[in-house]
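**Student:** What follows is a protein structure lacking sequence information:
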DNA sequence: GCCATTTGCAAAACCGTTTTACTAAACTAG
DNA sequence: CTAGTTTAGTAAAACGGTTTTGCAAATGGC
């Protein structure tokens, strides 16, 4: 386990390059780091030798000397669980792509119990193994995250919020999402707009609901409590909720759900009840997952572009690492993707449809 | 982008620990690295100071000085694609868990075109950023992988084989999988055993077929060409193939597929044809995916334990990194998970069932 | 009781960079 | 023409560890 054969071949060092090019180590280092005080002639000479020798600077030495670290650790909940979910796959893609583009490296860490207990998340910084950390998910206890609010390690939350702790983060504009969906329906002429929300214990569900209520209020529509129900992000539960909604003495003419899977549940119920979308009822989903463009009718959906949000998180983090920005909260606009599941309400069909562009976005 | 505020707080160094404990740097280093020539008294004194100060050795300095690196890079094809696939999720879990257990770190890399073009996979070693590399998937061109066969960088293939290149790897015993499945059916009394295989262009499909043929031959059963068909790892294609098989003048009494999804295709077809499993036809799948325990009847399947294989890959790689093993190929045994979809053939039902344990494994 | 060996630790060298301090030469201003 | 300022580069000192070498004290054998 620890016995080592010493078969490591000696690498090419800056010293070797310097000798070969007939300059000092300093000069080679200056060339590598684009220091301006090097003549074009010398620079070219050095670069030529570097390329001939296939020299690559030793990252450990560089980090040690320059006190930098270009590695970012991504902390995730249970891995097995994670990767079944499109949400995480998209987030990871965004994070990776931006890290790659900025010439940083990505280190993966699982937020296990031990990870938290041993304060491993802090030790990574103390050992200078990473320059910054991203957190994606919600497994670490609040009290551990508090360490980051206190300490001044570069740390960014990916699209999540923790009550009472002010941490740098980039989050989707869920409030705007609720508002933009409601506004679109109101503009079409709907007045009885139901909202089947995710679990009210979640930040995103509450925020969406807030936006929805605000849009109604702004339009002078007093809201009907019986039109707001909890669907728990579940397709089947939403199917049942929809049946109840449509059995009201005065059923809604439009439904807005927290995500697309729930919207599929609405479609299930309406199909069973032979209610047509969008002729009889308009429908808006959320998240704009891939399948949403393929349903009949294709689903209008409020997009939370997690890939872009993830990239922005990395940019914010790198700004923090490199010390040229203050910790901050960035809110990423939601976008309404208008497809076929929304239309003017039945009773208004005679009215002229207003001009509506096919993409609307919050916080423009 | 490059301008930095110098707000990095000075960390605690080995020098500080040494001073505080009243010993030399050497002694502290010896304590950290379990060098035996330190008295118990001194060791305890030093450990106490380390813990009080919360000292964590600087990994960059350590790697630079000791010429080691405890980071392993996992190279993957397209990330988005990866995380929707259970196979990759399982492999990643195994890789992560073993790396964590060995106190190494996991760096993620995407096998992009640029990654190959710039020989980035080699540069990671030259820059001393990683100690070893794992490759999971099949996107890199053979010619790039050749560099690893030539160079002596610690490199291990995770459950894959490339023709003509001898690279260290751990692979599932696909040949044994084919054999163990066929043998189980033969022992039950089957003689007409069909095999619906994956694409013949793949290593795993060919190997499984080879094992199947060998088992038949060993049992003195001459095989019928018409019972061996290609199902291309596809459920629908396998459904059609099954219908053809069952329409033969002398249909098989048992079917063995390359994986479980294909076995589901067989179930689809047999259900349509009102053929009962296992009463009329016995069925064995492959890979033992989660859903296989839930079908009716529950599916007998040959398991290729990718999680375990992945862990073994990491162990092999670390052995190579630490120089106490030779590059080698390890073959991981397949295991037959016997559930409800296999039974003695209809015409033999009067015979006594032989004793069969519920788990069989190749290469015992 | 004496010499040889082992034990326990420290001093110094080294790992491969960046950074700081300095200098000679070239240029500029007056 | 001279003093001051750039320019282009170098030598040496960090960075924070590990490893090698050295040495005094303790131990062991006879």
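**Tutor:** Perfect, I can see it now. In this text, all values refer to a predicted model and were calculated from it rather than measured experimentally. Numbers count the residues shown, from 1 in each chain, chains lettered A, B, ... in the order given.
**Student:** From here on, just use CA atoms for contacts and neighbour counts.
**Tutor:** Noted.
**Student:** Determine the number of other residues adjacent to the closest residue to DNA strand C within the stretch 251-364 of chain A.
**Tutor:** Nearest residue of the stretch 251-364 of chain A to DNA strand C, counting by Cα to the nearest atom of the strand: residue A:322, 12.0 Å away. By other Cα atoms under 10 Å in any protein chain shown, the residues close to residue A:322 number 20.
**Student:** Can you give the domain ranges for chain A?
**Tutor:** A:14-57, A:71-172+A:308-332, A:174-305+A:335-361 (automatic domain parsing).
**Student:** As a markdown table, those with distance to residue B:336 and mean pLDDT would be great.
**Tutor:** Listed next are the domains of chain A as a markdown table, based on distance: least, Cα to Cα, whole Å; pLDDT from 0 to 100:
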| stretch | distance to residue B:336 | mean pLDDT |
| --- | --- | --- |
| domain A:14-57 | 49 | 94 |
| domain A:71-172+A:308-332 | 23 | 88 |
| domain A:174-305+A:335-361 | 36 | 90 |
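**Student:** since we're on residue A:71, how many residues are nearby?
**Tutor:** Neighbours around residue A:71, by other Cα under 10 Å: 19.
**Student:** And it, how far from residue A:128?
**Tutor:** 9 Å (Cα to Cα, to the nearest Å).
**Student:** Equivalent analysis for residue A:231, please.
**Tutor:** Taking Cα to Cα, one finds residue A:231 at 45 Å from residue A:128.
**Student:** Tell me which residues of stretch A:328-339 come out buried.
**Tutor:** A:329, A:330, A:331, A:332, A:333, A:334, A:335, A:336, A:337, A:338, A:339 (16 or more other Cα atoms under 10 Å in any protein chain shown).
**Student:** Residues contacting it, please?
**Tutor:** Under the contact criterion Cα atoms under 8 Å, 6 or more residues apart in numbering or on different chains, stretch A:328-339 has outside partners A:167-174, A:176-177, A:180-181, A:288, A:293, A:298-305, A:309, A:358-364.
**Student:** Now list the buried members of the residues you listed.
**Tutor:** By 16+ other Cα under 10 Å, those give A:167-174, A:176-177, A:180-181, A:288, A:293, A:298-305, A:309, A:360, A:362 as buried.
**Student:** Once you drop chain neighbours, what's closest to residue A:50?
**Tutor:** residue A:17 (6.4 Å; Cα to Cα, 6 or more residues apart in numbering or on different chains).
**Student:** my read: the one you found touches residue A:28, true?
**Tutor:** Yes: assessed by Cα atoms under 8 Å, residue A:17 is found in contact with residue A:28 at 7.4 Å.
**Student:** Who are the contact partners of residue A:161?
**Tutor:** A:169, A:171, A:203.
**Student:** which one of the residues you listed is nearest residue A:217?
**Tutor:** Of all the contacts of residue A:161, the one with the least separation from residue A:217 (Cα to Cα) is residue A:203, at 21.1 Å.
**Student:** The closest residue to the closest one other than its chain neighbours sits in which helix or strand?
**Tutor:** Nearest-residue entry for residue A:203: residue A:161, 7.4 Å, with adjacent residues in sequence omitted and distances by Cα to Cα, 6+ apart. For residue A:161, there is no enclosing helix or strand under DSSP states H and E.
**Student:** sorry, back to before: looking at the domains of chain A, spot the one closest to residue B:35.
**Tutor:** That would be domain A:71-172+A:308-332 among these, by Cα to Cα, at 21.0 Å.
**Student:** And that closest one, how far out from the chain middle?
**Tutor:** 11 Å (Cα atoms, centre = their mean, to the nearest Å).
**Student:** swap in stretch A:12-26?
**Tutor:** Using Cα atoms, centre = their mean, the offset of stretch A:12-26 from its chain centre is 45 Å.
**Student:** what comes into contact with that stretch?
**Tutor:** Taking Cα under 8 Å, 6+ apart as the rule, stretch A:12-26 contacts A:27, A:28, A:29, A:45, A:46, A:49, A:50, A:53, A:55, A:56, A:57, A:58.
**Student:** Just give me the closest of those to chain B.
**Tutor:** residue A:58 (4.4 Å; Cα to the nearest Cα).
**Student:** so what pLDDT did the closest one get?
**Tutor:** Note on residue A:58: pLDDT of 98.
**Student:** Can you classify residue A:48 as helix, strand or coil?
**Tutor:** helix (DSSP: H, G, I helix; E, B strand; the rest coil).
**Student:** Tell me the helix or strand right after the helix or strand harbouring residue A:122.
**Tutor:** Assigned by DSSP H and E, residue A:122 belongs to helix A:120-126. Heading C-terminal from helix A:120-126, the first helix or strand you meet, by DSSP H and E, is strand A:132-135.
**Student:** Quick check: buried residues in the very next helix or strand once past that following strand?
**Tutor:** Sequence-wise, the next helix or strand downstream of strand A:132-135 (DSSP H and E) is helix A:142-150. Neighbour-count burial for helix A:142-150 flags A:145, A:148 (criterion: 16+ other Cα under 10 Å).
**Student:** Going along the chain from helix A:142-150, find the next helix or strand for me.
**Tutor:** strand A:155-158.
**Student:** Would you give the sheet partners of that following strand, along with the direction of each?
**Tutor:** strand A:132-135 (parallel), strand A:169-172 (parallel) (DSSP bridges).
**Student:** Which of these sits closest to residue B:124?
**Tutor:** Of all these, strand A:132-135 comes closest under Cα to Cα, at 20.1 Å.
**Student:** ok, back up a step: who touches both of residue A:17 and residue A:28?
**Tutor:** Each of residue A:46 lies in contact with both residue A:17 and residue A:28 under the rule Cα under 8 Å, 6+ apart.
**Student:** In contact with the closest residue in space to residue A:47 that isn't next to it in sequence, which residues?
**Tutor:** In space, and not counting its chain neighbours, residue A:47 is closest to residue A:31: 7.7 Å by Cα to Cα, 6+ apart. Neighbouring residues of residue A:31 by Cα under 8 Å, 6+ apart: A:38, A:43, A:46, A:47.
**Student:** Return the two entries of these that lie farthest from one another.
**Tutor:** Spatial extent of the contacts of residue A:31 (Cα to Cα) is set by the pair A:38 and A:47 at 12.0 Å.
**Student:** more crowded one of these two?
**Tutor:** Ranked by neighbour count (other Cα under 10 Å), residue A:38 and residue A:47 place residue A:47 first, with 17 against 14.
**Student:** Report the separation between that one and chain B.
**Tutor:** Going from residue A:47 to chain B by Cα to the nearest Cα, to the nearest Å gives 17 Å.
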